[in-house]
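A.B. asks: Give me coordinates for this.
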Amino acid sequence: MTTFASDGTTQTDPGADLSQEPGETPTDEPTQPEPGATADPGADIIDPEVVDADTLPALRDTTDTTDITDVPVPAPAPAKWVHPDGWAYDWVEFKGDKLAIRIPKGAALVGLEFSRFRGEEAQEQAFGRFIARHVSDETFDRILDRMGDPDDEDYGTTTLGELAGLLGKIAGERLAKDAKALEEAKNGRARKGNS
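C.D. replies: Purely as a prediction, here's the structure:
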């Protein structure tokens with residue numbers, strides 16, 4: 001069997017019989033010498049020596065750690081987060097991420113505003129639903145991930161409020177634009193009717 005190195009060259013199989021020439025077939029001769037026989041009749045046989053472990057020199061004194069220094073290992077730079085494809089609504093750049101959002105309708109903004117009259121728990125629930133309904137699941141997971149990252153300086157305790165404020169601003173701008181377009185359409189029809 002041929003073994004290839006990582007550079008494509010062939011390597012010798014460590015278990016191969018190197019006494020054979022390439023192309024020869026193995027013989028049925030025993031590879032182990034018979035008991036009492038030496039592999040090389042002219043070789044000297046050396047008896048093993050018993051050595052006391054206390055007399056051996058130490059290779060390294062493991063109690064001395066003055067040569068060991070703590071080298072800080074920098075944290076790897078986080079990979080740029082990319083939302084999966086398939087979002088059919090809107091996008092917003094927010095704190096370095098491109099988040100998948102839905103622009104809130106005016107009713108959602110009014111409902112969020114009026115939730116404050118129902119108490120703190122109802123307001124928190126309404127706020128949580130507002131965020132969850134106006135960002136994709138992947139975006140919501142990304143926000144929570146960054147909020148939980150102790151090394152992320154951009155996300156803090158006010159981040160969700162900032163995002164909700166941004167969604168409200170975008171919604172307000174869109175509502176104003178739609179109202180203006182509706183007014184222009186009404187005025188255009190009125191002029192056509194008077195001509």
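A.B. asks: Would you mind measuring from Ile131 to Gly165?
C.D. replies: 11 Å (CB to CB, to the nearest Å). Just so you know, the C-beta spots here come from the backbone N, C-alpha and C atoms, and that holds for glycine as well.
A.B. asks: Pick out whichever of those two has more residues nearby.
C.D. replies: For Ile131 versus Gly165, the count of surrounding residues by other CB atoms under 10 Å is larger for Ile131: 19 against 11.
A.B. asks: what's the average pLDDT for the host helix or strand of the more buried one?
C.D. replies: According to DSSP states H and E, Ile131 maps onto helix 120-134. Mean pLDDT, helix 120-134: 92.
A.B. asks: And for stretch 175-190?
C.D. replies: The pLDDT scores in stretch 175-190 average 86.
A.B. asks: which residues touch that stretch?
C.D. replies: Applying CB atoms under 8 Å, 6 or more residues apart in numbering, the contact partners of stretch 175-190 are Gly106.
A.B. asks: Please save the CA atoms from it in PDB.
C.D. replies: In PDB, the C-alpha atoms belonging to stretch 175-190 read as follows (Å, rounded to 0.1, in the frame of the first residue of the first chain):
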ATOM      1  CA  LEU A 175     -46.400  58.300   8.100                       C
ATOM      2  CA  ALA A 176     -45.700  62.000   7.300                       C
ATOM      3  CA  LYS A 177     -44.600  61.100   3.800                       C
ATOM      4  CA  ASP A 178     -47.700  58.900   3.300                       C
ATOM      5  CA  ALA A 179     -50.000  61.700   4.600                       C
ATOM      6  CA  LYS A 180     -48.300  64.200   2.200                       C
ATOM      7  CA  ALA A 181     -48.700  61.900  -0.700                       C
ATOM      8  CA  LEU A 182     -52.400  61.300   0.200                       C
ATOM      9  CA  GLU A 183     -52.900  65.100   0.400                       C
ATOM     10  CA  GLU A 184     -51.300  65.600  -2.900                       C
ATOM     11  CA  ALA A 185     -53.400  62.900  -4.500                       C
ATOM     12  CA  LYS A 186     -56.600  64.500  -3.100                       C
ATOM     13  CA  ASN A 187     -55.600  67.900  -4.400                       C
ATOM     14  CA  GLY A 188     -54.700  66.500  -7.800                       C
ATOM     15  CA  ARG A 189     -58.100  64.800  -8.100                       C
ATOM     16  CA  ALA A 190     -59.800  68.000  -6.900                       C
END
